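Visitor: sequence unavailable; structure follows:
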C-alpha cells in the first residue's frame, strides 16, 4: 500500500499492526505501553471521538487512565493548525475535558 506524504511532512507509521498518522504519534503509543508496564497508566484508548456542531467529528489521539485515578485526553501534534485549535476549544467548551497537547521531546 502506498501512503501519501502528509502536508506537514508527517510520516505514517505502523506499530503493532496499528497505523498511526505520524512517527511522533507511534512513539507516544510506545511510551504509553511502557507507562502501562511500570504501572503509571492502567490502560489507554486510541482515537476517541467527540461530536461537534455541524456534523463534525473530532478524534483525540489517546485517552489515558492513570494509576492515580486521573483521566487524561492527549493529542500528539508536530504542529498545531488553526483548525485543530478551533476544534480543541469546541471540545473543551462542550465536554468536561481538557485536551493536553504533546509535542516532540515532551515525553
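Guide: Looks like it came in fine. Computed from a predicted model, the values in this text were never measured in an experiment.
Visitor: next secondary structure after the longest helix seen in the chain?
Guide: In the chain, taking DSSP state H as the definition, the longest helix is helix 23-37. Past helix 23-37, further along toward the C-terminus, the next helix or strand under DSSP states H and E is strand 41-52.
Visitor: I'd like the average pLDDT over that next one.
Guide: What strand 41-52 shows for mean pLDDT is 98.
Visitor: please spell out which residues along the helix or strand following that strand are buried.
Guide: Downstream of strand 41-52, the first helix or strand assigned by DSSP H and E is strand 56-66. In terms of neighbour count (16 or more other Cβ atoms under 10 Å), strand 56-66 has its buried residues at 58, 60-64. Every residue, glycine included, has its C-beta placed from N, CA and C.
Visitor: strand 56-66 pairs with which strands, and in what direction?
Guide: strand 41-52 (antiparallel), strand 71-76 (antiparallel) (DSSP bridges).
Visitor: relative to helix 23-37, how tilted is the longest one?
Guide: Taking axes from the mean of the first three to the mean of the last three Cα atoms, to 10 degrees, one finds that strand 41-52 is oriented at 140 degrees with respect to helix 23-37.
Visitor: how about the last one?
Guide: Regarding strand 71-76 and helix 23-37, their directions subtend 150 degrees when assessed with the same axes, to 10 degrees.
Visitor: what lies in contact with strand 71-76?
Guide: Contact with strand 71-76 is made by 22, 24-25, 28, 48, 60-66, 84, 88, 97-103, as judged by Cβ atoms under 8 Å, 6 or more residues apart in numbering.
Visitor: ok, now with 7 Å
Guide: Residues outside strand 71-76 that contact it (Cβ atoms under 7 Å, 6 or more residues apart in numbering) are 24-25, 28, 48, 60-66, 97-102.
Visitor: quick check: what element follows it along the chain?
Guide: Following strand 71-76 in sequence, per DSSP H and E, is helix 82-94.
Visitor: counting by contacts, list what the helix or strand following that following helix packs against.
Guide: Sequence-wise, the next helix or strand downstream of helix 82-94 (DSSP H and E) is strand 99-102. Under the contact criterion of 3 or more Cβ pairs under 7 Å, 6 or more residues apart in numbering; DSSP states H and E, strand 99-102 touches strand 71-76, helix 82-94.
Visitor: thanks again, I'm all set now.
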